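**Q** Please find the sequence and the predicted model below.
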Amino acid sequence: MKIQMLKPLVAACALGAAALWAGYAISQTPAATAPAAPTASAPAAAPVRYVQAPLPYASDALEPIIDKMTMELHHGRHHKAQYDALNAIAATNPEVAKMSVEELLANTAKFPPGVRNNAGGVWNHDFFWATMAPADKRGAPSTALLLRIVADFGGVEAMKTQFNTAGATRFGSGWAWLVVRDKKLVITSTPNQDNPLMDIAETKGAPILGNDVWEHAYYLKYNNRRGEYLTKWWDVVNWNEVNKRFDAAMK
Ligand SMILES: [Fe+2]
């Protein structure tokens with residue numbers, strides 16, 4: 001019998017011996033009643049507060065720009081781990097558990113760093129999956145969005161160049177963002193899993209487009225060539241979704 005199989009048996013024997021000894025000792029006292037039988041019921045599992053949605057498309061739908069394995073690891077391991085960690089925090093912190101992810105982002109300063117990192121990761125990746133789409137669902141920038149891009153950056157290519165520079169120069173891990181602030185478009189980047197919705201963000205605003213520049217987002221296919229990933233990523237942007245976000249942010 002393997003050691004792993006023996007461990008529960010040994011533990012059970014030890015528990016039984018301890019219970020017998022306790023019962024014997026108590027039985028020597030005339031007024032004592034029989035000890036309650038030990039219960040082996042496991043503690044109830046904490047309810048899952050935050051639920052990760054499946055990818056909104058097949059994991060190979062963004063090939064060849066983003067490969068299937070990267071998408072599966074990114075969504076199924078990295079993003080899932082952030083959901084799991086945030087749920088673990090919520091299970092022991094009622095103040096966290098009563099808030100939506102968006103409310104947590106607006107209140108990161110009052111919570112331990114785990115909330116900032118994992119609520120950020122949860123929200124950023126949900127936003128990121130929807131920022132991309134298969135070829136037949138990507139659309140194009142709306143006229144309203146194009147006019148705003150021209151007004152604030154001079155043109156689409158200039159906007160992309162500034163965005164890519166923000167992503168390429170973000171030291172370590174983080175995100176590049178296109179946000180609406182005071183009815184204008186602004187480009188910024190954040191470290192780790194921070195985002196422009198957070199109370200602690202240097203540049204606040206309503207994100208309408210964001211790219212993940214953590215190595216886990218591109219390293220399998222692009223290795224250390226973050227700049228190449230940033231450039232090619234534009235080919236999978238879901239402009240239909242970006243247009244909707246832009247319209248909502250400009251109201
Ligand atoms: Fe990521």
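**A** On my side now, so go ahead.
**Q** Now do stretch 146-161, average pLDDT.
**A** Averaged across stretch 146-161, the pLDDT comes to 98.
**Q** Counting neighbours, which bits of that stretch end up buried?
**A** Buried positions in stretch 146-161, judged by neighbour count with 16 or more other C-beta atoms under 10 Å: 148-149, 152-153, 159-160. Placement of C-beta: from N, CA and C, glycine included.
**Q** which of the residues you listed lies closest to the ion?
**A** Comparing the buried residues of stretch 146-161 against the ion with C-beta to the ion places residue 160 closest, at 20.6 Å.
**Q** Name the nearest residue to that closest one, ignoring sequence neighbours.
**A** Distances taken as C-beta to C-beta, 6 or more residues apart in numbering place residue 234 nearest to residue 160, at 6.0 Å, with adjacent residues excluded.
**Q** Of all the helices and strands in the protein, which has the lowest average confidence?
**A** Least confident element among the helices and strands of the chain, by mean pLDDT, DSSP states H and E: helix 3-27 (a mean of 36).
**Q** picking that back up, what's the separation between the residue nearest to residue 160 and residue 206?
**A** 20 Å (C-beta to C-beta, to the nearest Å).
**Q** swap in residue 165?
**A** 21 Å.
**Q** Now residue 122: closest residue in space, sequence neighbours ignored.
**A** Nearest residue to residue 122, sequence neighbours excluded (C-beta to C-beta, 6+ apart): residue 82, at 5.1 Å.
**Q** how close does that neighbour get to residue 121?
**A** Between residue 82 and residue 121 the computed distance is 3 Å (C-beta to C-beta).
**Q** Also residue 55?
**A** Taking C-beta to C-beta as the measure, residue 55 falls 16 Å from residue 121.
**Q** These two: which has the busier surroundings?
**A** residue 121 (23 against 17; other C-beta atoms under 10 Å).
**Q** so that one, which of the three states?
**A** helix (DSSP: H, G, I helix; E, B strand; the rest coil).
**Q** my guess is it meets residue 80, correct?
**A** No: using C-beta atoms under 8 Å as the test, residue 121 is too far from residue 80 to be in contact (10.2 Å).
**Q** Surely residue 160 and residue 235 touch.
**A** No: the criterion here is C-beta under 8 Å, and residue 160 misses it with residue 235 at 11.2 Å.
**Q** what does the chain put close to the ion?
**A** Residues of the chain lying near the ion by C-beta under 5 Å from the ion: 212, 214.
**Q** Walking through the chain, point out its strands one by one.
**A** 174-181, 184-191, 206-212 (DSSP state E).
**Q** mind putting those in TSV, mean pLDDT and mean neighbour count included?
**A** Shown next, in TSV, are the strands of the chain (pLDDT from 0 to 100; neighbours: other C-beta atoms under 10 Å):
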stretch	mean pLDDT	mean neighbour count
strand 174-181	98	23
strand 184-191	98	19
strand 206-212	98	23
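**Q** Sounds good, over and out.
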